[in-house]
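**Q** Sequence first, predicted coordinates after that:
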Amino acid sequence: MRIIAIACLVSLCFLPATADAEQVRLRTGDFLQGEVFGDQSDEEHLTFKLFSTGGVIRLRWDQIIVEDQRRLRDQLGLTGWEEEEDVLIDGHRVIFQNGGVEEGVAENPDQAGEALKLRTASGMRTYPRNKVAKIISTPVPALSVYTPEELYEIYLEEFAPETAAAHAELGKRLVKVEAFPWAKIEFDLALDDPDWAVTEQAQTVRNLLAKVEVYVKAEEALDRVRGVKRLAFQKHYDDALAEIGTLRSEYQDNPSILKILNLDRIETQVSTSRRNHYVREVRRLFFRILDDLVNRKIREKDSDDRTKSLSLNAVKQWVSNPRGLTQEIFAAIAEKTGLSEQEARSFWDERRPGQPKRYNYGGGTFIHPEVAAKVSAMARPSSARRTKGSSRRSAPRQNRKGPKLKSADTWWEQASNKNKRDWARAWYAENGNGVLQVLRIETRICRSCGGLGYKVSRSVNDAAEVRTVCKVCNLAQHERIVICR
């Protein structure tokens, strides 16, 4: 098994504003070629100019594979000298049909005829192949998959040391994966060779051994720190942070062990991972829960008349009231994630731009206040509006035998549940107290009447033109579409 050791090489001086041509590999398996903008990159993002289009994009670091993350952060001076690097092993990222992602080491990635076996931080897991969309080879943190003792067994078989130098090299490798008791065994075996013990390399090993012995004394605490890392890898961030607090309290009188544990750095890493995870998760849940709650609401019955659905006015008030739909959404998010409602709202406000949502008022467009005034004016007789002449675009003269202009309540009563749902979501986008950010408003010409707002026919008796209100748009002439995020 190949082990990838990533060195901490910090370039804080003489850093140019832009780097030479770079190839960046994403976690999706895609490759990007272009130019890194160092002066526009920071702890959160990498700014990158694509050679293919000339466009400049900002990538989150967690969108980039770990190996390229570390290389680029080192080049940009975004990695501190004191930061310890995880030892990586060859592993796999599994992308499932439902969009879920799992990382670990697959035992049979290429055997499509049998269930996938994936070793993860929580143990060996099995997945049916028909649920797997893609398997990508990628480095993963060794300690997120194996315990130090398991890594010792793996390395021991790989190295099979027979000389003092080989024992010393194995010991150094074990130090990197925090297998300190086994590193001490290998260093002692190396120093037992009298000829090798007098070499310059032996003195380096003695210095390492002195440090390892201190780590051995702190082994119990270090094992708990490894547990913290596994919890974070499994996305149990609150449990990981709670354990960090417990460790800090228990070892507050032992500063030498606290220094070894480096809890401040680990806490920062866990907190950052937690924030990034929940910013994405809250956004994903928000729109799913919005749909569920709206669907449920429009199916409710009127409390005074159980044979009728809720009125349009009742749904509008529920959607617009901060204590209505919005509060219910964040309460549901809090229940599903374990967050408080306040924290769920905070993560929602921090969300990054995603695929915009399109909500269409459809046939209920005429109810919107901006459209309703226009519809009302068109519905008045031309004489009442004191218009001169006549025009095909002027108000239609109502055919007493044809359909009349619908009221908002009539449209709502006759609309399908899907149309009601679409209308309610569009109304929420514009009138939900700014919870959704409206990017723009689009319109689509009514397909039924071609944008006239009415249908034209001829009278049988006098061949006069007869105009009847369009049954679909109700004189609105178009559908109003809200683009939001």
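**A** Yep, it's here.
**Q** Quick check: buried residues in stretch 253-260?
**A** Residues of stretch 253-260 classed as buried by neighbour count (16 or more other Cβ atoms under 10 Å): Ile257, Leu258, Ile260. For the C-beta atoms, the positions are set from N, CA and C on the backbone; glycine is no exception.
**Q** I meant stretch 176-196, not that one.
**A** Those buried within stretch 176-196 under the rule 16+ other Cβ under 10 Å are 176-180, 182-187, 189-191, 193, 196.
**Q** now, among those residues, which is nearest to Val456?
**A** Val177 (80.2 Å; Cβ to Cβ).
**Q** Next, find the distance separating the closest residue to Leu290 other than its chain neighbours from Val435.
**A** Residue nearest to Leu290 in three dimensions, not counting chain neighbours: Ile329, with 5.9 Å by Cβ to Cβ, 6 or more residues apart in numbering. Taking Cβ to Cβ, to the nearest Å as the measure, Ile329 falls 8 Å from Val435.
**Q** So which of these two has more stuff around it?
**A** A count of neighbours by other Cβ atoms under 10 Å puts Ile329 above the other of Ile329 and Val435, at 26 against 18.
**Q** Counting neighbours, what do you get for Thr268?
**A** Using other Cβ under 10 Å, Thr268 has 10 neighbouring residues.
**Q** Name the helix or strand for it, please.
**A** For Thr268, the host element (DSSP states H and E) is helix 263-298.
**Q** pLDDT wise, what is Leu174 at?
**A** What the model reports for Leu174 is a pLDDT of 91.
**Q** Could you report the neighbour count for it?
**A** Number of residues near Leu174 (other Cβ under 10 Å) recorded here: 25.
**Q** and if you look at Lys297?
**A** 20.
**Q** How about the contacts made by Arg93?
**A** Applying Cβ atoms under 8 Å, 6 or more residues apart in numbering to Arg93 gives the contacts Arg27, Val101, Glu102, Glu103, Ile135, Ile136, Thr138, Val140.
**Q** Wasn't it part of a strand?
**A** Yes. Assessed with DSSP: H, G, I helix; E, B strand; the rest coil, Arg93 lies in a strand.
**Q** now it, which residues is it bridged with?
**A** Arg93 has these beta-bridge partners by DSSP bridges: Glu103, Ile136.
**Q** Now do the end-to-end distance for stretch 435-450.
**A** 34 Å (Cα to Cα, to the nearest Å).
**Q** Between the contacts of Arg93, which has the least confident prediction?
**A** Val101 (83).
**Q** so what's it closest to, chain neighbours aside?
**A** Using Cβ to Cβ, 6+ apart, the nearest residue to Val101 is Ile95, at 5.6 Å.
**Q** And the one you found, how far from Ile445?
**A** On the measure of Cβ to Cβ, Ile95 and Ile445 end up 40 Å apart.
**Q** residue ranges with poor pLDDT in the stretch 251-400 of the chain?
**A** 304-307, 381-400 (pLDDT under 70).
**Q** where exactly do the helices run in the stretch 151-300 of the chain?
**A** 164-176, 180-191, 200-217, 219-233, 237-250, 255-261, 263-298 (DSSP state H, counting those that start in this stretch).
**Q** Any chance of a markdown table for the ones you listed, columns distance to Ser144?
**A** Below are these laid out as a markdown table (distance: least, Cβ to Cβ, whole Å):
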| stretch | distance to Ser144 |
| --- | --- |
| helix 164-176 | 14 |
| helix 180-191 | 18 |
| helix 200-217 | 20 |
| helix 219-233 | 4 |
| helix 237-250 | 12 |
| helix 255-261 | 18 |
| helix 263-298 | 12 |
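**Q** Minimum distance to Leu72: which of the ones you listed has it?
**A** Nearest of the helices of the stretch 151-300 of the chain to Leu72, taken as Cβ to Cβ: helix 263-298 at 17.2 Å.
**Q** Flag every buried residue along the very next helix or strand once past that closest one.
**A** For helix 263-298, the following helix or strand on the C-terminal side (DSSP H and E) is helix 312-320. Judged by neighbour count using 16+ other Cβ under 10 Å, the buried positions of helix 312-320 are Leu312, Val315, Lys316, Trp318, Val319, Ser320.
**Q** Could you dump those into a markdown table and include distance to Ser346?
**A** Below are those laid out as a markdown table (distance: Cβ to Cβ, whole Å):
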| residue | distance to Ser346 |
| --- | --- |
| Leu312 | 33 |
| Val315 | 28 |
| Lys316 | 28 |
| Trp318 | 24 |
| Val319 | 23 |
| Ser320 | 22 |
